[in-house]
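Asks: One predicted model, sequence on top.
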Amino acid sequence: MNRQPDHAVRVDHRRLEAFVHDVATAAGIVEDRARLLASLLTENELRGVVSHGTIQIAAYARLIRDWKLNGTPDVRVVRESPVSLLVDGDGGLGYFPAYEGTHRLCEKAVASGIAVLVTRNHGHFGAAGVYARIPLEHDLLTFVTSGHQLSLSSSAPLYSAAGGSPMAFSVPSDSTPIVVDFGCMHDLYASSPHRDTIARLAPGLVLRSIGLGEICQTWGGLLSGLDLDPDPPAWSLPAANQGALVVSFRIDLFTDPDRFRREVSRYVERIRELSPLPGFGESFAAGDVEAHNEAEYRNRGIPMAVDSIAELNKIAEELGISARL
């Protein structure tokens, strides 16, 4: 779970976005996509999604510099129907096929009622919530997931079946929309010192998390063409071993949209009135905290960890950029 760092430095979001743009262009990303990437990463930072915020540009820049990702991909639609799109990322970052594809998906869903996007042959696509929020502007409900190339051996623990396991859901509302954006296995990675303890105490919870991760891997990975065995590879560059899926549909297929949005708003208000979990001072609907963060951070600056600022300045130095945070 993303938390504000204990010792933070406030950074103006416009300054941060400009810095990320400069790093992206220095790494070889073309201007319009550098602007898009900087905007999306800064938006995540504004929402408090630090894990998928601006710190990611350091890894992306090195992958492009080292030709493990394509900095100038030719993103293209390779298969299309009235209700579906298959978009190839040409070995670049996943943001570009997923972002462009989601906007085209929305057009299809508005016209036909429902539409599905699959992307392939790309690297990390960032926070799944980025693509779940776009269809909210079109009054669409959405599910997003992503999968990556696995290499499973018979001696590996069951946890490894789930991979990275990102998922996001979004629900339109007359007030704050519901946005669930999470990694099914976040607390169960190999780096977690408590995962075996969690499995002993709550095996059902762990098995459900792994099961959700298996959906991420099949719907977001195998469906995009990533075979179970990585040899021969189904991608064009070493770090372009991911795929993604986005499904959006209209409310009016099932009920009156105005009534639905109104009821979702009332539901969110009722959730806020419930007794909070132990250790929390308030109850929030999914997406509430992120919306609150964005409003505060736009005015007061984004609280960033000193280590994160140092890492961003380090990649700027590596790329010969004079700007520093």
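Replies: The structure has been received and is ready for your questions.
Asks: From the chain's centre, how far out is the helix ranked longest in the chain? Work that out for me.
Replies: Selection of the longest helix in the chain by residue count, based on DSSP state H, yields helix 95-112. Centre-to-centre, helix 95-112 and its host chain are 16 Å apart (C-alpha atoms, centre = their mean, to the nearest Å).
Asks: Downstream of that helix, the next helix or strand is which one?
Replies: Of the helices and strands lying after helix 95-112 in sequence (DSSP states H and E), the nearest is strand 114-122.
Asks: Other residues contacting the very next helix or strand once past that following strand?
Replies: Of the helices and strands lying after strand 114-122 in sequence (DSSP H and E), the nearest is helix 129-133. Residues from elsewhere that reach helix 129-133, judged by C-beta atoms under 8 Å, 6 or more residues apart in numbering: 40, 43-44, 47, 49, 95, 98-99, 102, 125, 142-144, 168-170, 177, 179, 181, 244, 246, 290. C-beta coordinates here come from the backbone N, C-alpha and C atoms, glycine included.
Asks: Now with 7 Å, please.
Replies: For helix 129-133, contacts defined as C-beta atoms under 7 Å, 6 or more residues apart in numbering pick out 40, 98, 102, 142, 144, 168, 169, 170, 179, 181, 246.
Asks: Out of these, which sit inside strands?
Replies: Cross-referencing the contacts of helix 129-133 against strands under DSSP state E gives 142, 144, 168, 169, 170, 179, 181, 246.
Asks: Read off the pLDDT value for the second one.
Replies: Pointing back at residue 144 there. pLDDT, residue 144: 98.
Asks: Now for the nearest residue to residue 240 once chain neighbours are set aside: which residues touch it?
Replies: Closest residue to residue 240 apart from its sequence neighbours, by C-beta to C-beta, 6 or more residues apart in numbering: residue 91 at 4.2 Å. Residues near residue 91 by C-beta under 7 Å, 6+ apart: 69, 70, 73, 121, 235, 236, 237, 240.
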